[in-house]
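Participant: Sharing a model that was predicted from the sequence below.
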Amino acid sequence: MGKPPNLYAFQSTDELAPSLRTFVLDAQNSALERHNVFRVGVSGGSLPKVLAKALLESSTGEGKVQFDKWEIFFADERAVPLDHEDSNYKLVKEELLDRLPADSGKPAVYPIDVKYLDDVQEMADQYEQTLVSVFAARDSVKLPMFDLLLLGCGPDGHTCSLFPGSPLLRETDAWVLPISDSPKPPPKRITLSLPVASHGIKIGFVATGGGKKDIMKQIFDTEEGQQLPCGLINTFAQERVSWFVDYPAIEGVSFPARRGSL
Ligand SMILES: O=C1O[C@H](COP(=O)(O)O)[C@@H](O)[C@H](O)[C@H]1O
């Protein structure tokens with residue numbers, strides 16, 4: 001039995017951001033020592049804004065953010081054009097990529113191929129091939145291992161585009177999966193599979209606001225919550241997972257949270 005996930009709680013997003021930065025920098029620095037590149041999977045939703053605050057508006061942590069060594073992938077993406085308001089790429093671009101300091105260097109970014117907007121199976125296969133080409137041939141690595149996965153938690157406990165009760169949660173082989181009937185719009189998406197989403201060297205969840213408190217209580221304090229997508233990642237990845245939350249998001253949660261800076 002490994003150690004449980006880490007739960008870090010802060011008064012507000014402003015107080016959370018510097019600790020998230022320290023966490024990201026630690027992951028970056030270890031990755032650069034290991035292979036001179038930092039491979040990150042990012043989510044959409046509320047995460048990119050908090051991440052941008054951490055990376056662009058704070059100055060905590062060892063060393064500097066070396067964006068020119070970053071390779072950014074999408075933990076999930078909606079099957080829409082890259083300039084559509086539902087696009088996770090657009091969100092990350094506007095919140096973070098367009099705001100990088102001129103002297104910071106640019107990350108390599110891997111968006112979906114919009115040629116396949118009408119065929120999410122093809123889109124998922126093609127994104128998986130992108131991972132194969134970056135992470136090594138599929139027959140030589142069982143699963144791609146991101147240096148860091150930055151994930152969100154929906155109010156229903158979904159993460160990436162893995163929704164509670166979905167048959168996709170049983171996938172053991174594919175790295176990237178198509179969805180045509182997402183319960184949250186838009187319906188057509190692709191997502192990392194649960195084995196890949198649980199396999200990051202470090203996994204950081206960000207959940208803020210009182211709208212998350214019921215699901216946080218389920219995930220951390222109940223048996224059933226461990227069957228939700230976020231709970232499954234907690235169970236599989238254990239201490240490789242760190243949650244960054246604000247106080248409203250964990251109101252009433254009994255699981256011990258470490259309060260204050262990392
Ligand atoms: O649909 C999605 O939702 C989740 C959670 O979003 P949040 O706004 O509740 O943080 C997000 O992580 C995922 O990337 C997105 O496609």
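Facilitator: That came in fine, so what should we check first? What you are looking at is a predicted structure, and each value in this text was computed from that prediction instead of being measured.

Participant: the helices in the stretch 101-250 of the chain, which residues?
Facilitator: 120-135, 194-197, 213-221, 229-237 (DSSP state H, counting those that start in this stretch).

Participant: how about those helices in JSON lines, adding mean pLDDT, mean neighbour count and distance to Thr13?
Facilitator: Every C-beta, even on glycine, is put in place using the N, C-alpha and C of the backbone. Formatted as JSON lines, those follow (pLDDT from 0 to 100; neighbours: other Cβ atoms under 10 Å; distance: least, Cβ to Cβ, whole Å):
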{"stretch": "helix 120-135", "mean pLDDT": "96", "mean neighbour count": "18", "distance to Thr13": "30"}
{"stretch": "helix 194-197", "mean pLDDT": "98", "mean neighbour count": "23", "distance to Thr13": "24"}
{"stretch": "helix 213-221", "mean pLDDT": "98", "mean neighbour count": "20", "distance to Thr13": "15"}
{"stretch": "helix 229-237", "mean pLDDT": "98", "mean neighbour count": "23", "distance to Thr13": "19"}
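
Participant: Format the ones you listed as JSON lines; extra columns: distance to Arg78.
Facilitator: Listed next are the helices of the stretch 101-250 of the chain as JSON lines, based on distance: least, Cβ to Cβ, whole Å:
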{"stretch": "helix 120-135", "distance to Arg78": "10"}
{"stretch": "helix 194-197", "distance to Arg78": "17"}
{"stretch": "helix 213-221", "distance to Arg78": "21"}
{"stretch": "helix 229-237", "distance to Arg78": "17"}
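
Participant: Including distance to the ligand, could those go into TSV?
Facilitator: Putting the helices of the stretch 101-250 of the chain into TSV (distance: least, Cβ to the nearest ligand atom, whole Å) gives the following:
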stretch	distance to the ligand
helix 120-135	14
helix 194-197	11
helix 213-221	9
helix 229-237	10
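
Participant: Please name whichever of these is nearest to Ser19.
Facilitator: Comparison of these against Ser19 by Cβ to Cβ identifies helix 213-221 as nearest, at 17.5 Å.

Participant: elements contacting the closest one?
Facilitator: helix 229-237 (3 or more Cβ pairs under 8 Å, 6 or more residues apart in numbering; DSSP states H and E).

Participant: what are the bridge partners for Leu151, then?
Facilitator: Phe205 (DSSP bridges).

Participant: What distance do you get for it to Leu96?
Facilitator: Going from Leu151 to Leu96 by Cβ to Cβ, to the nearest Å gives 16 Å.

Participant: Tell me which of those two has more neighbours.
Facilitator: Leu151 (27 against 21; other Cβ atoms under 10 Å).

Participant: Could I get the pLDDT score of that one?
Facilitator: Confidence at Leu151, expressed as pLDDT, is 98.

Participant: Next one: it from Val92, what distance?
Facilitator: According to Cβ to Cβ, Leu151 stands 14 Å off from Val92.

Participant: which residues do these two both contact?
Facilitator: Here Leu151 and Val92 have no joint contacts, going by Cβ atoms under 8 Å, 6 or more residues apart in numbering.

Participant: and the closest residue to the ligand within the stretch 51-200 of the chain, how many neighbours does it have?
Facilitator: Per Cβ to the nearest ligand atom, Gly152 is where the stretch 51-200 of the chain lies closest to the ligand, at 2.6 Å. Number of residues near Gly152 (other Cβ under 10 Å) recorded here: 23.
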